[in-house]
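Novice: fold the following and give me the result.
(one chain, ligands or ions: 1)
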Amino acid sequence: MNMSMNLTNIKAIRGLLHLFYPKLCVACEDEVPVEGEVFCLMCQQALYYTDQSSKRNNEFEAHFLGRIPLERGAAMFYYRKDTPIQSIMHALKYAKKADVGSKLGAEFGKRLKREGFMNGITAIVPVPLTWRKQKARGYNQAEILAKAISISTGVPCFGDFFIKTHETESQTSKSRQERVENVAQAFEINESYKLEEDHILLVDDVLTTGATLEACAKKLNLDNVKVSMVTLAIGRI
Ligand SMILES: [Zn+2]
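Specialist: Residues are numbered from 1 along each chain as shown. From the prediction side, this is the model:
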């Protein structure tokens, strides 16, 4: 064995550790002070965390009142322009940075578990993305988040729970109800899943109108199945 072999090994091990203990802030890519932290100090202070995962009857849950019977609902951050959450959401959606979703999903999962939010939840299900968007992006960011939440909470994730059947029309000129129907027509529940007395956690990246989340919940038989929802961010709704 010679010295260069050892150095190569050390580099390889460092490289592996770097995968598990990211040293760069997910929002600005500056160094983070502590290995394993997701944000640098500047970004950490500029983010608006919600306390929704520890609070019932919060504004997330209020958003769905009278629309669907929701067990629990929570976002991790408030979406605010010109704060790090804007660059995070942009990275997730347009910059093909799936790893940002994995890191934040893992953080969110830890928080949800710690606060008892996951109690009783039997399955984690990401909302589906249209074919067009998934093809353009290469991945479904809701699924990236859902898988990471699954790993950090130990609750199984089913990425193929919803199957797309049609492409959705553009949503921009539609009312809220039209949006829900439009999304609901675009997919079905995978027949290989039989739900009974399950409690499903639906996952999306951001809550704005909530049309996709609402359409997904309405596909479930809510007499037999409970539904909760989480998103990474909540917009002004
Ligand atoms: Zn930062």
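
Novice: could you use CA atoms for every contact and neighbour count after this?
Specialist: Noted.

Novice: and the most centrally placed residue in the chain, how far from the ion?
Specialist: The residue lying closest to the centre of the chain (C-alpha atoms, centre = their mean) is residue 145, at 3.7 Å. Using C-alpha to the ion, to the nearest Å, we find residue 145 at a distance of 20 Å from the ion.

Novice: what strand or helix carries that residue?
Specialist: Using DSSP states H and E, residue 145 falls within helix 141-153.

Novice: how about the residues of the protein that lie near the ion?
Specialist: 25, 27, 28, 40, 43 (C-alpha under 5 Å from the ion).

Novice: switch to 6 Å and redo it
Specialist: Residues of the chain lying close to the ion (C-alpha under 6 Å from the ion) are 25, 27, 28, 29, 30, 39, 40, 42, 43.

Novice: the first one and residue 32 touch, don't they?
Specialist: Yes: if you go by C-alpha atoms under 8 Å, residue 25 and residue 32 touch, sitting 5.6 Å apart.

Novice: what is in contact with the two at once?
Specialist: Contact criterion C-alpha atoms under 8 Å, 6 or more residues apart in numbering; residues shared by residue 25 and residue 32: 38, 39, 40.

Novice: in contact with the first one, which residues?
Specialist: By that I understand residue 38. Neighbouring residues of residue 38 by C-alpha under 8 Å, 6+ apart: 22, 23, 24, 25, 26, 32, 103, 104, 107.

Novice: report the separation between it and residue 117.
Specialist: 21 Å (C-alpha to C-alpha, to the nearest Å).

Novice: neighbours around residue 177, how many?
Specialist: Neighbour count for residue 177, taken as other C-alpha atoms under 10 Å: 11.

Novice: let me redo that: residue 37
Specialist: If we define neighbours as other C-alpha under 10 Å, then residue 37 has 19 of them.

Novice: isn't it right up against residue 23?
Specialist: Yes: look at residue 37 against residue 23 with C-alpha under 8 Å: they come within range, at 7.4 Å.

Novice: contacts only, for the residue nearest to the centre of the chain.
Specialist: Residue 145 touches 101, 102, 104, 105, 106, 126, 203, 204, 205, counting by C-alpha under 8 Å, 6+ apart.

Novice: helices along the protein, start to end?
Specialist: For the chain, applying DSSP state H gives helices covering 3-20, 41-46, 59-63, 84-94, 98-114, 131-137, 141-153, 176-184, 211-219.

Novice: now, of the residues of the chain next to the ion, which are buried?
Specialist: For those, a burial check counting by 16 or more other C-alpha atoms under 10 Å picks out 25, 27, 39, 40, 43.

Novice: the last one - nearest residue in space that isn't next to it in sequence?
Specialist: By the measure of C-alpha to C-alpha, 6 or more residues apart in numbering, the closest residue to residue 43 outside its immediate chain neighbours is residue 84, 6.0 Å from it.

Novice: ok now do the one you found, which residues does it touch?
Specialist: 27, 28, 43, 46, 47.

Novice: re the thing from before, farthest pair in the residues of the chain next to the ion?
Specialist: 29 and 42 (11.3 Å; C-alpha to C-alpha).

Novice: residue 127: neighbouring residues, count only.
Specialist: Counted by other C-alpha under 10 Å, the residues lying close to residue 127 total 24.

Novice: sorry, that was for residue 47
Specialist: Residue neighbour count, defined by other C-alpha under 10 Å, stands at 17 for residue 47.

Novice: many thanks, have a good one.
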